[in-house]
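**Q** What follows is a predicted protein model with its sequence.
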Amino acid sequence: MTSEKHLYAIPTNRDASKSIKSLANDIAVAIDEHVLLPEQLIFVLLDSSTQATFDRNHAQLKASFKALKITCLHIPVSAFDALLNQVLDPKLAALVVGSGFSYGKMVNKISIIAHLLGAHYIHRRDSDVYLQANNTQITPLIAEMRAFNENDQFLLVGSSYLGAWGIDYSDVADDLPTLRKLFSLSKPTYSPSQLDDYINNKYVQGSTETFPGNLAFSEQKSNYIDAGNFALKEVFLNIPVSPANITSGTDYLYHTLVGKSGWRMVYHNDRVVHQYNENRYDQIDHLTYGHSKLLSRLMTTVTNNALTDVSLSDDFNDMAQQVAAAYLSTVDLAELLAKLKTTIQKFVAVYASIDLPHYQAIATNVAQQPDTYLEKTITDVHHFIDLIQNWPAILKNTQALELAPFSISADNSR
């Protein structure tokens, strides 16, 4: 058993009460099995939902954590942003607060919270996932801890989802040729056989595989690990992820860093059930969602270009400097600009080839303004470099922030 503190974090902008109720058992089983001590675990719900939804989530937190003797924090994003704005220089604050939705800023806020709480591990779950019904003695948290305890070279441990696919894939789930084209955008370095393996074993078959009762680990399947069901050790204290707005998948940077260093990551077979909230598909803004996917592909292009010939140090301080230098050396090159233009062209071609209205609309919209995406990507990379270089200062300047007001006390008075 490790002695360090562990942050169990769920970020949400919606009603997460059912997930909270389910995932509280992830923690309860780990404590009952003496995998972690109650004083080692801190639960955080980072919540940007409306007040009415926030209140429902809060009520469920009180009910679910009443019997668990662990620290539980329910943090409104707006309140935490206000605290960050108070202690950070406006230019730095804009990199972690800002306006608009950002996956990266959410991840980085969780990292700042972990630093404030003295946590060396983050166990992250999405707010629309649930434990499998047969998870009564072995849960994802136990799987993560078993891997960390057995091999100190594991930096990232996690699994995937059972159930719903991503919104951008669900419409074409039975169309393998189209899936190959879509996934080739997010996995541009994969061979055709690697793509088929990824699609079939992570999604087609994998999304129906229930937990057999015995844990199995695989480094060969580490590319299946989803950010909504994984754990990460320490690197987040030195390296943030891109804070770009309207850009999905920036938190997968850590997968890339592990692959470029001597650290290792491992997949386990205890998937969580992924189930979209009611009417989630109907409520989605497909155009914005499509833009976030394109911007993610463009950021992947930049990262791949920057780190192609780089072997990263296992020392996180040195790794941070290497990553910043790699981005800085490539961001303004004509070679990168050409690759970004090619990425946009491929994206438009793939989406235009799918005979569904929202794919067609996304393709048309992107084709009309390619320079907008190019300029945003280059600007986002420069902001990311600034964030990496200033991350130590941000953590230092925020370390005195007080989180006690967000605590759900043992007597449930809050």
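**A** The structure has been received and is ready for your questions. Numbering: from 1, shown residues only.
**Q** Beyond the helix or strand harbouring Ile110, next helix or strand please.
**A** Element membership for Ile110, per DSSP states H and E: helix 103-117. Counting by DSSP H and E, the next helix or strand C-terminal to helix 103-117 is strand 119-125.
**Q** Quick one: work out the angle between the helix holding Ile110 and strand 119-125.
**A** Helix 103-117 and strand 119-125 are oriented at 140 degrees to each other (axes from the mean of the first three to the mean of the last three CA atoms, to 10 degrees).
**Q** gap between helix 103-117 and the chain center?
**A** 11 Å (CA atoms, centre = their mean, to the nearest Å).
**Q** And for stretch 395-413?
**A** 23 Å.
**Q** top helix in the protein by residue count?
**A** helix 370-398 (DSSP state H).
**Q** Okay, buried residues for it please.
**A** Judged by neighbour count using 16 or more other CB atoms under 10 Å, the buried positions of helix 370-398 are 370, 373-374, 376-378, 380-381, 383-388, 390-391, 394-395, 397-398. For every residue, glycine as well, the C-beta is placed using N, CA and C.
**Q** contacting residues for Gly100?
**A** For Gly100, the contacting residues are Asn245, Ile246, by CB atoms under 8 Å, 6 or more residues apart in numbering.
**Q** do that again at 10 Å, thanks
**A** By CB atoms under 10 Å, 6 or more residues apart in numbering, the contact list for Gly100 reads Ala244, Asn245, Ile246.
**Q** coming back round to it: packing partners for the longest helix of the chain?
**A** helix 77-87, helix 90-96, helix 103-117, helix 286-307, helix 316-330, helix 334-352, helix 357-368 (3 or more CB pairs under 10 Å, 6 or more residues apart in numbering; DSSP states H and E).
**Q** got the angle for the longest one vs helix 334-352?
**A** Read it as helix 286-307. Interaxial angle, helix 286-307 versus helix 334-352 (the same axes, to 10 degrees): 150 degrees.
**Q** May I have helix 286-307 as PDB, with CA atoms only?
**A** Provided in PDB are the C-alpha atoms of helix 286-307 (Å, rounded to 0.1, in the frame of the first residue of the first chain):
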ATOM      1  CA  HIS A 286     -23.000  18.800 -33.600                       C
ATOM      2  CA  LEU A 287     -21.300  21.700 -35.300                       C
ATOM      3  CA  THR A 288     -19.400  22.700 -32.200                       C
ATOM      4  CA  TYR A 289     -18.700  19.000 -31.400                       C
ATOM      5  CA  GLY A 290     -17.300  18.500 -34.900                       C
ATOM      6  CA  HIS A 291     -15.100  21.600 -34.500                       C
ATOM      7  CA  SER A 292     -13.700  20.200 -31.200                       C
ATOM      8  CA  LYS A 293     -12.800  17.000 -33.000                       C
ATOM      9  CA  LEU A 294     -11.000  18.800 -35.800                       C
ATOM     10  CA  LEU A 295      -9.100  21.000 -33.400                       C
ATOM     11  CA  SER A 296      -8.100  17.900 -31.500                       C
ATOM     12  CA  ARG A 297      -6.800  16.300 -34.700                       C
ATOM     13  CA  LEU A 298      -4.800  19.400 -35.400                       C
ATOM     14  CA  MET A 299      -3.300  19.500 -31.900                       C
ATOM     15  CA  THR A 300      -2.400  15.800 -32.400                       C
ATOM     16  CA  THR A 301      -0.600  16.700 -35.600                       C
ATOM     17  CA  VAL A 302       1.400  19.400 -33.800                       C
ATOM     18  CA  THR A 303       2.300  17.000 -31.000                       C
ATOM     19  CA  ASN A 304       3.300  14.200 -33.300                       C
ATOM     20  CA  ASN A 305       5.500  16.600 -35.300                       C
ATOM     21  CA  ALA A 306       7.100  18.100 -32.200                       C
ATOM     22  CA  LEU A 307       7.900  14.900 -30.500                       C
END
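**Q** If I take it and helix 316-330, what angle do their directions form?
**A** Using the same axes, to 10 degrees: helix 286-307 against helix 316-330 is 100 degrees.
**Q** which residues of the stretch 201-350 of the chain score low on pLDDT?
**A** Counting by pLDDT under 70, the ranges of the stretch 201-350 of the chain that qualify are 277-284.
**Q** Repeat the analysis, applying 80 as the threshold.
**A** By pLDDT under 80, the low-scoring segments of the stretch 201-350 of the chain are 276-284, 286.
**Q** if we can go back for a sec, among the contacts of Gly100, who's most crowded?
**A** Using other CB atoms under 10 Å as the neighbour test, those are led by Ala244, with 26 neighbours.
**Q** Helices of the stretch 101-250 of the chain, residue ranges please.
**A** Assigned helices in the stretch 101-250 of the chain, in chain order: 103-117, 140-150, 167-170, 176-186, 192-198 (criterion: DSSP state H, counting those that start in this stretch).
**Q** With Leu356 as the reference, name the closest of these.
**A** Leu356 lies closest to helix 176-186 among the helices of the stretch 101-250 of the chain, at 9.6 Å (CB to CB).
**Q** Please name every helix or strand in contact with the closest one.
**A** Helices and strands touching helix 176-186, by 3+ CB pairs under 10 Å, 6+ apart, are helix 167-170, helix 192-198, helix 286-307, helix 334-352.
**Q** looking at the ones you listed, which is buried most?
**A** Highest mean neighbour count among these (mean count of other CB atoms under 10 Å): helix 286-307, with a mean of 20.
**Q** That one to helix 357-368, inter-axis angle?
**A** Using the same axes, to 10 degrees: helix 286-307 against helix 357-368 is 60 degrees.
**Q** What is helix 286-307 packed up against?
**A** For helix 286-307, the elements it packs on are helix 103-117, helix 167-170, helix 176-186, helix 253-259, helix 316-330, helix 334-352, helix 357-368, helix 370-398, judged by 3+ CB pairs under 10 Å, 6+ apart.
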